[in-house]
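# Quick one, what's the 3D model for this:
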Amino acid sequence: MPHFVVTYVHPDPDGWVRHLDAHLHWILEQIEAGTLRASGPTQGGDVRSALLVFAGPNEETVRAIVDTDPYMQHGQVSGLTITEWDPIFGILANESSRAAHTDEELLEQIRNLTA
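You can find the predicted model right below:
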């Protein structure tokens, strides 16, 4: 199943705190449903922001899921991006489009792309 990286910014610190509990419950629901694979805040910026990794059949489905986040419903998100991502290496590699290939096969395929 395709993966999507979602990023967004929380421009309102007071609103972020006010809706945090509902957002955290939503996060746990998405993890339990198997749609959210990873989530967490980004570090080092002046404005609070987050990165979430979803598994879903297409961008429209992921967008519909993101729209149920209490932060979205209460106007606490700006700068939303949704980008399809193929995790061919690392902890999610067994969920990638190339999961049936060994690491050596993947390296060879990538080398052939640059040749």
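# Do a quick rundown of the helices in the chain.
Counting by DSSP state H, one finds helices in the chain at the ranges 13-18, 20-33, 59-66, 70-73, 103-114.
# What average pLDDT does the first one get?
With pLDDT averaged residue by residue, helix 13-18 scores 94.
# in this structure, which residue is closest to the centre?
The chain has V53 as the residue nearest its centroid, 2.0 Å off, counting by CA atoms, centre = their mean.
# That one and T7 touch, don't they?
No - counting by CB atoms under 8 Å, V53 stays clear of T7, with 10.3 Å between them. Placement of C-beta: from N, CA and C, glycine included.
# Need the nearest residue in space to A22, chain neighbours excluded.
Once flanking residues are discounted, A22 sits nearest to P70: 3.8 Å by CB to CB, 6 or more residues apart in numbering.
# can you tell me how far the one you found sits from T35?
Distance, P70 to T35, using CB to CB, to the nearest Å: 16 Å.
# Kindly report the same for G15.
Going from G15 to T35 by CB to CB gives 24 Å.
# more neighbours, these two?
Between G15 and T35, T35 has the larger neighbour count (other CB atoms under 10 Å), namely 18 against 15.
# Kind regards, and thank you for your time.
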